[in-house]
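Q: only the shape, not the letters, is given here:
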């Protein structure tokens, strides 16, 4: 099986990091094909950067999905998720979506820990949009400025403190780690908290494999069916082709 | 006052139609400046087309907002709303958002009537995202194929029947008309139903005027504050400048 | 345009204060006509006082609405809102309703700050009744006794601390100032917090103007249509006439 | 035990009818003391009439509660419920509140059947305000004009059809009968439906007895504690006294 | 009237303690018939022990309900509530259900205080399952180990602190005391808090009496009607008979 | 990998049918170990039968989980799910839970189709308990009596009609097939509807494999941690041992 991993950040080092985590998570026989968005923010951390990325992820998918069996979106805002599901003939999974769904099997309510307080409402809206708000114990973010990224030890200390607080004060029974910085660190962090931690890329790859194996019917009605032969201008030819060639 | 009206559809005739409605709705002294997205779908009617438009609306806003006092987004999915609010120094209103908020002052619960059943879940998610689901009586859509657009009388008949059904069966007390096709037809349709109809462009222009007059502080914290001097590549220079020049 | 501003507190000095804020908020050409309830509590701060005021506001509206284009209810519990909407032929806006609706365009979630902890559940119910609970970040109240009203500086200090706490701890992105004491102080308080503050009277006047300009149809079906020629006894003749003369 | 039954409609024949049902429901040793509001609508069926009644119910309670052990509000909108709870030293129950709470012990979800479609949103808001919306299967109303009241057989036929529809189509497992017209008819109607019917006056009297027996502490904090020595003008002396004499 | 009180814990001393509280709560003429589950945990404090108890409570009810007028379930998780309602011909009440429903008449939002933090999500799910989440202010639990049970004074001090915190910080206006340890202590604890406390057994007995007096129809449709003549194996003959003999 | 499949119905033929579907769904290298509950209902279709099964599933798991890597609960009410998760050291998945979580990746809102209208509220409560109510489009059940089970063609026709109705009238974009009768028929039924169908056993096996591969930490705090060395009486020795031997 071949899984397309789309990094919506225009940042190859983040792509490489995600790809390593994805490869660790993949079953024998699964190949990860990582691609990086070609336009937009180096690191998405706001609504407007995310809005650009929703187009960039779509363009990358159009260019690279041929021959793949499933897609994992490598942005913790799951950018472009519904759009890809509608347009592509193969299953698509968002990394935070996957972690949240798996978290539902691991505890009564799950928390989310990330970096950057301004993203708290964005994750809240994302999870509410998934209909999972009743399962959400809380979202906590390390308050961070660009300069702080140099001090990894401080960030890690803060993350652990936030996780412990979620468990102690909000009856949190599982924790989703969100954001590119934390991605792949679940094994190290797990030792510090008494509840299971969930990594988006890891869960995303596993869930993508499941969806590929299940071979569910692609909807031919509703908002996840292909929109048909629509005309678009000014976008990547591969994207235009995805609409034009649809019978 | 000058209001930038951004049509996210790459379709000048829709822009012209919206502009006429906007001008009718504007107060004396308000000028409407209509612009059309330069890339993406001719008529947005799906998740993927909407994802592209979130970038296109942002690019258009970056290019044209200078000298404007407020923005109205002329796509009934309110495409790019949060992104624009975060990035621009002026108030931004979505046309469906505006109609739904005004509808809250006009009846206990409001319904939505539009064209194309596949957009029903999209409007449902939009309104749920606005936190207004408790006020939503129902969403109804005329089931339509591209060929049907030629038969305006049939569509109008269907719309009226759906509106009457919402009033009779779902205790609907106000109706939001959504979608480019219906935009501006509220006066004609009003005669057929006993509850007030709300037009997105009309409400959007009025609400944009209010926000401009109120002169609310632009947030300097949270998900609606400017994201700061971020680096983006491969996008319109005007958009890059909106990030680069921020102190 | 002429806007009737009804103070449901039997307190002329509060009426005068509200009227000044309303006049500041009004567009050129808009006249504010302030009236004071003739029976009930001097300052409404409880459920029972509010229950009396729902009648008093209705009586005042019956007596004074002739010749007006819209009504703003000058009680932060929006006392009698649905009743007035049903009975009067002109648009009606509640001051807290207006501030909450406008707040929805200014941030992801809004908080409310007021005086008197016993009103917290009342505001919670009010906002839940508006269907806006998903947008509510929290309600905070200065804990106050009648004697404390003499110490304005202390109250202001407490209000600022509560607002800062909402922003820091609850991801609050806009704040509605509620209660007669705070009304009109949004400009002074704004300097202390990084998110926009919303004043009920100011938002109410602006929204009332919009509703008047929109000229929405008065519903002839549902719970906001006029109840018809009903018989009431023992109430103000102007109120009786509002029912009796209805065709 | 003595229970004050307050009819918020200014209509002695409705009071007498309610009193008979209340007496049937009362335990041995319980006396019903029925009183009729002295101002407001003959039959409350709208928001504005209900707003007046919230004052009238309060005035009636002030005049007549001395010597009583509990209050049942005899208006199916439970008019003035929170106000009375706050102000009186004895327990207070709303007739619809009581029926809905008891319904929660009788089935998974309950429906409401009443007369007059315009009251559907009012009941919906009432039940949502009680936090019981998750238990509500649906609200159905016989569409009725004043002239229709003469045709009791037709109304009864319609009520039975609506009840059967709730059971068949909405998984309704208990039905609350709401409105003065239906009050007391639960025994006759029960034969026609396979799920239990709940009568507001009957449940209200039973629940009032329970609250009196439990002797719960009257809150001295929060929105249900007495508001203290507040000044009101222009209202019934008995009502003024309820505030003035409070230590 | 005869009320069957089923203790789902296999612990006679807890049964005796509950029986005393129940007898104190019962009206003159009501007899309490306490029984103890014959298999399962000595003290239920987890999901798995509760799962076993749902069978044990059912078996106990099958053996002992004959001649009784109503059942009160004496486990604060209300174990087996829906199952008993479906299977028995008499009314059934859960002790926590009863306390929560009565709490709804005593304050805007109620809190829950119990022992053992691991039960917090279980109570949250229970109350959400009752549809009462909108009324829930918060759930607090004394963090306790088996050894701590010897120090009753410390537990009581902690409970009082948690109750005061709920009132001060979460606008709690009534408090449900949950768990076998606290049961029956509401009178002593009431002196320490300004809002009413609710005891499950006390409320349960009162509500069971009401349901018996009301004589509501046993549903013959839906999930609370008897399931009919089903075949079960390997369970108590009394339980088998409850299915077998049903016409 | 070895997956324990527990049929909570005391019915070997249902176990065999489920086992075949599970084997079809399993990845190469995965072995299905099917077991049948030893006490309780032949076919669970009510609350009380389900209450007994929650004990029976627990006993079966205690007896058979040694040497297994994960558990799938083969009852569409996911009987005993939280109890098993708490008590066992290996992951546990409910068949309906799994289908609903996977359905969330396949459409905006999912419907449920089953047999027996009395189970509708039970599935509604189950899915609400999973926090997935916002994603639920509706639950439909074939109205069936025991005699009807002989007419498989009629049932299949009815199921197809219900599925088509969900798609046409409730914007359903994925359908979960629930109940032992339908289990394993998703391939045949899929041809009749334009949206993906989800089979509980198939999804359960796939999700169980994922959870086993992920190797999430077993919680040592909260309601899903082991309850410790508790004393139970009168239950299966294997179940007693699961508590007794815990350090």
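A: Everything's here; your move. Every value quoted in this text rests on a predicted model; they were computed, and no experiment measured them.
Q: which residue is the nearest non-sequential neighbour of the most centrally placed residue in chain A?
A: Residue closest to the average C-alpha location in chain A (Cα atoms, centre = their mean): residue A:95, at 2.7 Å. The shortest distance from residue A:95 to any non-neighbouring residue, by Cβ to Cβ, 6 or more residues apart in numbering or on different chains, is to residue A:200 (3.2 Å). (C-beta placed from N, C-alpha, C; glycine too.)
Q: so where's chain A shaky on pLDDT?
A: Across chain A, residues meeting the criterion (pLDDT under 70) sit at A:146, A:247.
Q: interface residues of it facing chain C?
A: By Cβ under 8 Å from any Cβ of the partner chain, the part of chain A that sits against chain C consists of A:117, A:120, A:121, A:124, A:125, A:128.
Q: out of the residues you listed, which sit inside strands?
A: Within those, no residue falls in strands by DSSP state E.
Q: between those, which is nearest residue B:81?
A: Of all the residues of chain A next to chain C, residue B:81 sits closest to residue A:125, with 11.7 Å by Cβ to Cβ.
Q: wait, that closest one sits on residue C:108?
A: Yes - look at residue A:125 against residue C:108 with Cβ atoms under 8 Å: they come within range, at 6.9 Å.
Q: burial measure for the closest residue to chain E within chain A, as a count.
A: Here chain A gets closest to chain E at one residue, residue A:108, 3.6 Å apart by Cβ to the nearest Cβ. Residue A:108: 26 surrounding residues under other Cβ atoms under 10 Å in any protein chain shown.
Q: what do you get for residue A:192?
A: Residue A:192 has 14 nearby residues by other Cβ under 10 Å.
Q: can you check residue A:37 too?
A: Neighbours of residue A:37 under the rule other Cβ under 10 Å: 28.
Q: one more: residue A:147?
A: 7.
Q: could you grab the helix/strand/coil label for it?
A: Secondary structure for residue A:147, judged by DSSP: H, G, I helix; E, B strand; the rest coil, is helix.
Q: would you mind measuring from it to residue C:115?
A: 40 Å (Cβ to Cβ, to the nearest Å).
Q: do residue A:193 as well
A: 41 Å.
Q: any residue of stretch A:41-54 touching chain B?
A: Yes - contact of stretch A:41-54 with chain B (Cβ under 8 Å from any Cβ) involves A:41, A:42, A:43, A:45, A:46, A:47, A:48, A:49, A:50, A:51, A:52, A:54.
Q: distance from the chain centre to that stretch, please.
A: 13 Å (Cα atoms, centre = their mean, to the nearest Å).
Q: likewise for stretch A:217-231?
A: With Cα atoms, centre = their mean, you get 23 Å for stretch A:217-231.
Q: is chain B contacted by that stretch?
A: Yes - against chain B, stretch A:217-231 shows contacts by Cβ under 8 Å from any Cβ at A:221, A:222, A:223, A:224, A:225, A:227, A:230, A:231.
Q: run through who's touching that stretch.
A: Here stretch A:217-231 makes contact (Cβ atoms under 8 Å, 6 or more residues apart in numbering or on different chains) with A:82, A:85-87, A:89, A:243-244, A:246, B:41-43, B:45-49, B:117-122, F:106-108, F:167, F:171-174, F:190, F:194-197.
Q: which parts of that stretch are buried?
A: Buried residues in stretch A:217-231, defined by neighbour count with 16 or more other Cβ atoms under 10 Å in any protein chain shown: A:217, A:218, A:219, A:221, A:222, A:223, A:224, A:225, A:226, A:227, A:230.
Q: cool, and stretch A:76-92?
A: A:76-88, A:90-92.
Q: just those that are near chain F?
A: Checking the buried residues of stretch A:76-92 against chain F (Cβ under 8 Å from any Cβ), the matches are A:82, A:91.
Q: in chain A, which spans are helices?
A: All helices of chain A, identified by DSSP state H, fall at A:12-25, A:47-64, A:81-87, A:95-103, A:120-129, A:152-170, A:186-190, A:200-214, A:237-244.
Q: so the residue of chain A closest to chain E touches residue E:123, yeah?
A: No - taking contacts as Cβ under 8 Å, residue A:108 lies outside contact range of residue E:123: 10.8 Å.
Q: out of the buried residues of stretch A:76-92, which is nearest to chain C?
A: Closest approach to chain C among the buried residues of stretch A:76-92 (Cβ to the nearest Cβ): residue A:77, at 14.1 Å.
Q: the closest residue to the closest one other than its chain neighbours: what's it in contact with?
A: Counting by Cβ to Cβ, 6+ apart, residue A:50 is the residue found nearest to residue A:77 once chain neighbours are left out, at 5.2 Å. By Cβ under 8 Å, 6+ apart, residue A:50 lies in contact with A:44, A:75, A:77, A:79, A:122, B:83.
Q: what's the most distant pair in those residues?
A: A:75 and B:83 (14.6 Å).
Q: dump the residue contacts of residue A:48.
A: So residue A:48 contacts B:58, B:83, B:84, B:86, B:87, B:227 (Cβ under 8 Å, 6+ apart).
Q: quick check, stretch A:121-131 touching chain F?
A: Yes - using Cβ under 8 Å from any Cβ, we find that stretch A:121-131 touches chain F at A:130, A:131.
Q: can I see the domain layout of chain A?
A: For chain A, automatic domain parsing gives the domain ranges A:2-94+A:203-244, A:96-199.
Q: hmm, which two among the buried residues of stretch A:217-231 are most spread apart?
A: A:217 and A:230 (22.1 Å).
Q: measure how buried the residue lying closest to residue A:241 once chain neighbours are set aside is and give me the count.
A: Computed as Cβ to Cβ, 6+ apart, the closest residue to residue A:241 that is not its neighbour in sequence is residue A:62, at 7.2 Å. Neighbourhood size, residue A:62 [other Cβ under 10 Å]: 22.
Q: all set, thanks.
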